[in-house]
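Colleague: give the three-dimensional model of this entry:
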Amino acid sequence: MHEILVNDRRVLIISIMVLGLGVWLTGRIPTLRKFNVPAAVTGGLICSVAMALVRWLLQVEIVFSADLRNLLLLVFFSTIGLSAKAKLLLNGGKTLVVLLVLAVIFLFVQNACGVFVAGLFGVHPAFGLMGGSVSFAGGHGTAISYGDAFATRFDLKGTMEVGIACATMGLVAGGIVGGPLSERLIRIHRLAGDRGAVSYSPGAEDSGKSVPVTMDGMILAIFLITLCLGIGEIFGFWLKKFGMTVPSFLPALFAGILITNGIDLLRLPVSDSQVNSVSLVSDVSLQIFLSISLMSMQLWTIANSLLPLTVLMLLQTFAITFFAARLIFRIMGKDYDAAVISAGFVGLGLGATPVAIANMNALTKKYGASPKAFLVVPLVGAFFIDIVNNGIVIPVFLGLPFFK
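Modeller: Sure thing, here's the model as predicted:
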């Protein structure tokens, strides 16, 4: 098998072309618009299928560098932090706690589904955890980490590959299922957002008034984001020194929160152009990140386990859809914010926080802003879930008798 490594410059070019393909298809296929499928998901999935065909027909494996994708993830969460005002954070208190409790409950449901499917096909329950919160809620990084650990601890082969496959399928499913579910909830209950309100992380076109993105505003936005990355790297270094391992984007997120609230505390002037510049960088970085993530999927890794993975994916998708529609939507208040939160929850539970935000972005661009959803979902997904999942939920399951 001949391997071709695509460097960051070419990855950027290809990802933009893939994103453009998704935008073009979304504009011409009503079903994609109706179900709010993100353009990056559409284009990226088509690209990943093409890469699998190239590998199969030509015996050539194309590997995309992940450095740019990782940087864009840090940039995106820096912009989320820069949009997080202390007043909004305080206003989300009760909703944040309730959503976190529900999310933790679902982590146990997710692992139970994974262990059930593992038992159904007669494989070690560790594969069930890899098909549970390790990969779906945890994502690719957690899947790789636990895959190696399980392979050593239980003398198993293929745990990492299963985890990567589940995380990959979850990324796709989270982007496809979340929109249609909330679209249905919105239509059935005749809900709509406030089109005059400013979203938690609004795009330049969503701010409710026409304000140009100027060069000065963009330069300041880039400066602030760079500052977030620098401070975040220092935070991450010191956390590791104290034995605390956190996802790389979390320090950048909290650096953004400190900076934006420090600006408010010092009462420094911030123009609408500067705010919209940060928002525009946020939108662009998110879409390109998703495009790179989806087009980098290695679909052939799931070929030998297609049947159990299909059963697992169907069960996990049904579980989170039922949970979001019957519990999340109802407990969150059965209003428009609850519907948008439900879309974010599906993207978060099956895929990743950026997928959740992409789902919510697609809905709010169509029906109106939901500041509450853009406040609580990123905080739950970016910080609390990782801590609870790795510190409580997974260790609890590993302590069960059938894992010993």
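Colleague: could you use CA atoms for every contact and neighbour count after this?
Modeller: OK.
Colleague: what ranges do the strands span in the stretch 1-150 of the chain?
Modeller: Ranges of strands within the stretch 1-150 of the chain are 2-6, 60-64, based on DSSP state E, counting those that start in this stretch.
Colleague: so what strands line up beside the first one?
Modeller: When you say that, I think you mean strand 2-6. strand 60-64 (parallel) (DSSP bridges).
Colleague: hang on, the earlier thing: tabulate the strands of the stretch 1-150 of the chain in CSV, adding columns for mean pLDDT.
Modeller: What follows is the strands of the stretch 1-150 of the chain, written out as CSV (pLDDT from 0 to 100):
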stretch, mean pLDDT
strand 2-6, 89
strand 60-64, 90
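Colleague: need the winner for burial among the ones you listed.
Modeller: strand 60-64 (a mean of 18; mean count of other C-alpha atoms under 10 Å).
Colleague: give the contact list for Gln298.
Modeller: For Gln298, the contact set (C-alpha atoms under 8 Å, 6 or more residues apart in numbering) comprises Ser48, Ala52.
Colleague: go again using 10 Å as the cut-off
Modeller: Contact analysis of Gln298 by C-alpha atoms under 10 Å, 6 or more residues apart in numbering lists Ser48, Val49, Met51, Ala52, Arg55, Glu61, Ile62, Val63, Ile164, Ala165, Thr168.
Colleague: adding distance to Ser305, write those out as JSON lines.
Modeller: As requested, the contacts of Gln298 are arranged in JSON lines below (distance: C-alpha to C-alpha, whole Å):
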{"residue": "Ser48", "distance to Ser305": "18"}
{"residue": "Val49", "distance to Ser305": "17"}
{"residue": "Met51", "distance to Ser305": "19"}
{"residue": "Ala52", "distance to Ser305": "16"}
{"residue": "Arg55", "distance to Ser305": "18"}
{"residue": "Glu61", "distance to Ser305": "20"}
{"residue": "Ile62", "distance to Ser305": "22"}
{"residue": "Val63", "distance to Ser305": "22"}
{"residue": "Ile164", "distance to Ser305": "12"}
{"residue": "Ala165", "distance to Ser305": "9"}
{"residue": "Thr168", "distance to Ser305": "14"}
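Colleague: just these: which are in helices?
Modeller: In this view, these that belong to helices under DSSP state H are Ser48, Val49, Met51, Ala52, Arg55, Ile164, Ala165, Thr168.
Colleague: ignoring the adjacent residues along the chain, who's closest to the third one?
Modeller: The one in question is Met51. Ile62 (6.8 Å; C-alpha to C-alpha, 6 or more residues apart in numbering).
Colleague: returning to that earlier point: nearest to Phe329, of the contacts of Gln298?
Modeller: Closest approach to Phe329 among the contacts of Gln298 (C-alpha to C-alpha): Thr168, at 26.0 Å.
Colleague: quick check: buried residues in stretch 361-369?
Modeller: Asn361, Ala362, Leu363, Thr364, Lys365, Tyr367, Gly368, Ala369 (16 or more other C-alpha atoms under 10 Å).
Colleague: what's the closest of those to Val104?
Modeller: Checking the buried residues of stretch 361-369 one by one against Val104 (C-alpha to C-alpha), the nearest turns out to be Asn361, at 24.0 Å.
Colleague: helix or strand: which one has the closest one?
Modeller: Taking DSSP states H and E as the criterion, Asn361 maps to helix 353-367.
Colleague: mind giving me the packing neighbours of that helix?
Modeller: Judged by 3 or more C-alpha pairs under 10 Å, 6 or more residues apart in numbering; DSSP states H and E, the packing partners of helix 353-367 are helix 39-58, helix 67-82, helix 159-189, helix 272-295, helix 336-350, helix 371-379.
Colleague: for those helices, which one sits closest to Ala303?
Modeller: It's helix 159-189; of the helices and strands packed on helix 353-367, that one is closest to Ala303 (C-alpha to C-alpha) at 9.6 Å.
Colleague: which SS class is Met297?
Modeller: coil (DSSP: H, G, I helix; E, B strand; the rest coil).
Colleague: the buried residues of stretch 361-369 into JSON lines, with extra columns for pLDDT?
Modeller: As requested, the buried residues of stretch 361-369 are exported to JSON lines (pLDDT from 0 to 100):
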{"residue": "Asn361", "pLDDT": "86"}
{"residue": "Ala362", "pLDDT": "84"}
{"residue": "Leu363", "pLDDT": "88"}
{"residue": "Thr364", "pLDDT": "87"}
{"residue": "Lys365", "pLDDT": "83"}
{"residue": "Tyr367", "pLDDT": "88"}
{"residue": "Gly368", "pLDDT": "85"}
{"residue": "Ala369", "pLDDT": "83"}
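Colleague: got CSV for the residues you listed, with distance to Leu348 too?
Modeller: Putting those into CSV (distance: C-alpha to C-alpha, whole Å) gives the following:
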residue, distance to Leu348
Asn361, 14
Ala362, 15
Leu363, 15
Thr364, 17
Lys365, 19
Tyr367, 21
Gly368, 21
Ala369, 19
